[in-house]
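1. how does the following fold in three dimensions:
(2 chains)
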Amino acid sequence: MSQLQLTLPDGSVKQFDKGTTGLDVAKSISPRLAKAALAVKVDGRVVDLTAPINSDAPVEILTFDQPEGRQVFWHSSAHIMAQAVQELFPGARLAIGPAIDEGWYYDFDVPEPFSPEDLEKIEQKMAEIIREDAVFCRSERPRTEALAASRAQEDVYKAEILEELEDDTVSFYKHSRFEDLCRGPHLPRTGLVKAFKLTASSGAYWRGDENRPMLQRIYGVSYPKKGMLDEYLERLAEAKKRDHRLLGKQLELFTITEEVGGGLVLWLPNGARVRNEIENYWRQEHLRAGYEIVFSPHIANLDLWNRSGHTDFYKEDMFSPFEAEGRAFQLRPMNCPFHISMYKSRRWSYRDLPLRWAELGTVYRFERGGVLHGLMRVRGFTQDDAHHFVTQEGMEDELVWLLDFCVHILKAFGFSNYDVYLSTRPEKAIGDPADWERAQDGLRAALERAGLTYQVDEGGGAFYGPKIDIKIKDALNRSWQCSTIQFDFSLPERFDLSYIAADGQQRRPFMIHRALLGSIERFFGVLIEHYAGNFPLWLAPTQVRVLPITDDLNEYAAAVVERLKEHDIRAVLDSRSEKIGAKIRDAEMLKVPYMFVVGKREAEADSVSVRRHSVGDIGVKKTEEAVRALLDEIATKGLDKSETNE
RNA sequence: GCCGGCGUAGCUCAGAUGGUAGAGCAGCUGAUUUGUAAUCAGCAGGUCAUCGGUUCGAUCCCGGUCGCCGGCUCCA
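-> Predicted coordinates:
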């Protein structure tokens, strides 16, 4: 029998017989690995553990620790669920059932939506199938044969998938009494699924198209160990506790009322204080960095939006125009046409560029009722927008500079982990494809010079140009898209912008749109969830609560509050006739960072007893010293000195 | 917008086979003067989302509408 040379991830090369399998390889390494093995990656392709390997290749045994291993695990779990559904609901037609980031779903065509009781029954049935420890078997047959069979069974969704596949041969996977069209790979046996839970069910359109039939989707998660499921459920519970809508109510940060309208945010005083801090910092840093801050109105002539192309390319996201004195007006969905109009208010020389104009611009976008979500998805929001007008030669340097500035701002808010994406030309786009290519190359070069690793999102660009998106990771490692840097060669063209170059010729500037925090509303929502409502001192709505032990200390406590206020520290006096325990409890529940407890002893020594939120009593300090410590923490934003870059 | 679930006091939630409702917290008043996560008492607070139907009678059953929640979709 001929031999194979397989390269393991650690670089070592091992000899195997031709036709060996991933499982054999795993066994040869260690029994533990053989037990944990879910699939194997051969030469970059993920295949079944039982698939024969016939040529020399790098191989990697996949377990639940690798993303690809998890995907296989969850996909097999989806098959198990599909079997359970088909056995409990005969006649249920299968659509698709992929693995997703955390778990899987499967879409079914059934006459009635699934009820919570149905899900319980399905879970029980799945447990039976898992106990069978059935083996997953792959088989192949000609596509035409499979298509004829699905048509005969009126298996319309599988038939549609088969029609679109290009291969002559298609694969099926069978376990227990269930078989499904599937590319695979799959787990060796159903018994590997040790813990699972069906987490949700909902309607979902076939192929995400609202003109096609609505199917019923069931979501689930599964794990090779019971403890991992518990951890996952705990993480869900933690996310629920951090929900910005809940904390927004508890901490009286913001409200959204039926009376005012869905997706329109009312910033209550506490939330408004945080917003002010965010905006003050933002303004300060922008001015320091060479931006000018501008203002523009919330509506404009409809003609402006015709010229910018928004009425063609952005219509479904805009509120309908309205009329006054026979002219049509449009509520603004973006700020760019205003900044462009400002640019045209005079002539510019190449010496003036780059121009950096920023605005906290409130825009209004029409979002369908069903998609509104707290602060994360709203109809009116304020972008921390800016437009850079740049010479073509200066473009790349400007992008590199901007990426650096962006990272600096995000860091100040406690975000230093992010994923970077380069989004390219979408189907619906304006402009010459050659310009797109050039712009995409420029962005790519800037990313590389800035030393950022990035992924490419094909077709994810804006209609007017390619873009770089930075998605920050929060404390629960969830991703949020906030920053976006978008290239635009279309608007300068449409509005006939120019500058005078060194040779005296008129040239067309390039334009960059950018938002760093994205929308202040959404960013605030992300901050709330990231910090679980425990804002760092510099952002906290109330920074200190001064708590007198008895009423006769109110006067001293009020004087302490005054001293704090003199230093612009947001301090509040709790002068209620309550026991100190009650005052502390209330301050703790409001997540106020510091409590200054003052009694007779403190009053006599011009001092305060400092208590830190969720930490406890940290001792008595001279008032002067306590104030200085607060000011220091505010100035450094609670970050290490090395991180503040000040 | 579509599918499903939900809508009772400011908040969190009970409630009855259909006979028009309760608790805790918050609020107000009073007493209490307290040393690091809840002092006590009293008062007040509701067209039971809304409109219609069934019924002697609807907050409860049925239907429409609005809103919220979970998805689909889209994105900042």
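2. hey, where'd the strands end up in the stretch 401-550 of chain A?
-> Remark: strands assigned in the stretch 401-550 of chain A by DSSP state E, counting those that start in this stretch are A:418-423, A:455-457, A:467-473, A:479-488, A:499-500, A:506-507, A:510-519, A:544-548.
3. mind checking those for the one nearest to residue A:594?
-> Closest approach to residue A:594 among the strands of the stretch 401-550 of chain A is made by strand A:544-548 (4.6 Å; C-beta to C-beta). Glycine gets a C-beta too; all of them are placed from N, C-alpha and C.
4. pLDDT on the next helix-or-strand element following the closest one, on average?
-> Counting by DSSP states H and E, the element after strand A:544-548 in chain order, helix or strand, is helix A:554-566. Averaged over helix A:554-566, pLDDT sits at 96.
5. kindly report the same for stretch A:349-356.
-> On average, stretch A:349-356 scores 95.
6. and for stretch A:8-22?
-> 87.
7. got the end-to-end distance for it?
-> Terminal residues of stretch A:8-22 are spaced 11 Å apart (C-alpha to C-alpha, to the nearest Å).
8. likewise stretch A:93-104?
-> One end of stretch A:93-104 sits 18 Å from the other (C-alpha to C-alpha).
9. and that stretch, what's buried?
-> Buried residues in stretch A:93-104, defined by neighbour count with 16 or more other C-beta atoms under 10 Å: A:93-97, A:99, A:103-104.
10. for residue A:519, state which of those is nearest.
-> Lowest distance from residue A:519 to those (C-beta to C-beta) belongs to residue A:103, with 29.1 Å.
11. let me know the pLDDT of the closest one.
-> At residue A:103, the pLDDT recorded in the model is 90.
12. contacts only, for it.
-> A:74, A:77, A:199, A:219-222 (C-beta atoms under 8 Å, 6 or more residues apart in numbering).
13. so which one among those residues has the lowest pLDDT?
-> Of all these, residue A:199 carries the smallest pLDDT score, 85.
14. if we can go back for a sec, looking at the strands of the stretch 401-550 of chain A, which is buried most?
-> With neighbours taken as mean count of other C-beta atoms under 10 Å, those reach their highest mean count in strand A:544-548, at a mean of 27.
15. send me that strand as PDB with only the CA atoms.
-> Output of strand A:544-548 as PDB, limited to C-alpha atoms (Å, rounded to 0.1, in the frame of the first residue of the first chain):
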ATOM      1  CA  VAL A 544     -20.400  61.900  43.400                       C
ATOM      2  CA  ARG A 545     -23.300  61.700  45.900                       C
ATOM      3  CA  VAL A 546     -22.600  63.300  49.200                       C
ATOM      4  CA  LEU A 547     -24.300  61.400  52.000                       C
ATOM      5  CA  PRO A 548     -24.700  63.000  55.400                       C
END
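16. partner strands of it, with direction?
-> Strand pairing for strand A:544-548, using DSSP bridges, gives strand A:571-573 (parallel), strand A:594-598 (parallel).
17. could you dump these into a markdown table with mean pLDDT, distance to residue A:456 and mean neighbour count added?
-> Shown next, in a markdown table, are these (pLDDT from 0 to 100; distance: least, C-beta to C-beta, whole Å; neighbours: other C-beta atoms under 10 Å):
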| stretch | mean pLDDT | distance to residue A:456 | mean neighbour count |
| --- | --- | --- | --- |
| strand A:571-573 | 95 | 50 | 21 |
| strand A:594-598 | 97 | 46 | 25 |
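18. name the residues of stretch A:294-305 that are buried.
-> For stretch A:294-305, the neighbour count (16+ other C-beta under 10 Å) marks A:294, A:296, A:300, A:302, A:304-305 as buried.
19. and residue A:476, what are its phi and psi?
-> Note on residue A:476: backbone dihedrals following degrees, to the nearest 10 are phi -100, psi 10.
20. what about it, distance to RNA strand B?
-> From residue A:476 across to RNA strand B, the span is 14 Å (C-beta to the nearest atom of the strand, to the nearest Å).
21. report pLDDT for that residue.
-> Per-residue confidence at residue A:476 stands at 84 (pLDDT).
22. next step: the buried residues of stretch A:294-305 restricted to strands.
-> Counting by DSSP state E, the buried residues of stretch A:294-305 place residue A:300 in strands.
23. go through the buried residues of stretch A:294-305 and say which is closest to residue A:444.
-> Nearest to residue A:444 among these: residue A:294, at 30.2 Å, using C-beta to C-beta.
24. go ahead and confirm the closest one touches residue A:356.
-> No: using C-beta atoms under 8 Å, residue A:294 makes no contact with residue A:356, being 10.3 Å away.
25. list the contacts of residue A:151.
-> By C-beta under 8 Å, 6+ apart, the contact set of residue A:151 is residue A:159.
26. could you dump the helix or strand that contains it to PDB, C-alpha only?
-> Per DSSP H and E: residue A:151 is located in helix A:143-152. Only the C-alpha atoms of helix A:143-152 are listed here, as PDB (Å, rounded to 0.1, in the frame of the first residue of the first chain):
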ATOM      1  CA  ARG A 143     -27.800  16.000  -9.400                       C
ATOM      2  CA  THR A 144     -30.500  15.300 -12.000                       C
ATOM      3  CA  GLU A 145     -31.600  12.200 -10.200                       C
ATOM      4  CA  ALA A 146     -31.800  14.000  -6.800                       C
ATOM      5  CA  LEU A 147     -33.700  16.800  -8.500                       C
ATOM      6  CA  ALA A 148     -36.200  14.400 -10.000                       C
ATOM      7  CA  ALA A 149     -36.700  12.800  -6.700                       C
ATOM      8  CA  SER A 150     -37.300  16.100  -4.800                       C
ATOM      9  CA  ARG A 151     -39.700  17.200  -7.500                       C
ATOM     10  CA  ALA A 152     -41.600  13.900  -7.200                       C
END
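27. now that helix: mean pLDDT?
-> The model assigns helix A:143-152 a mean pLDDT of 88.
28. which parts of that helix are buried?
-> For helix A:143-152, a neighbour-count test (16+ other C-beta under 10 Å) marks A:143, A:146-147, A:150 as buried.
29. residues making contact with stretch A:598-616?
-> Applying C-beta under 8 Å, 6+ apart, the external contacts of stretch A:598-616 come out as A:534, A:546-550, A:553, A:556-557, A:560, A:584, A:587-588, A:591-597, A:617-624, A:626.
30. of the buried residues of stretch A:93-104, which is the nearest to residue A:37?
-> Residue A:37 has its nearest neighbour among the buried residues of stretch A:93-104 in residue A:99, at 17.5 Å by C-beta to C-beta.
31. pull the contacting residues for the residue positioned nearest the centre of chain A.
-> The centroid of chain A falls nearest to residue A:480 when counting by C-alpha atoms, centre = their mean (2.4 Å). Residue A:480 sits next to A:471-474, A:522, A:526 when contact means C-beta under 8 Å, 6+ apart.
32. and the residue of the stretch 251-400 of chain A found nearest RNA strand B, how many neighbours does it have?
-> Going by C-beta to the nearest atom of the strand, RNA strand B is nearest to residue A:370 of the stretch 251-400 of chain A, at 2.2 Å. If you count neighbours by other C-beta atoms under 10 Å, residue A:370 ends up with 7.
33. let me know the pLDDT of it.
-> 77.
34. ok, back up a step: the buried residues of stretch A:294-305: which two are farthest apart?
-> A:294 and A:302 (22.2 Å).
35. now the helices for the stretch 301-450 of chain A?
-> A:302-308, A:310-313, A:336-343, A:395-412, A:433-449 (DSSP state H, counting those that start in this stretch).
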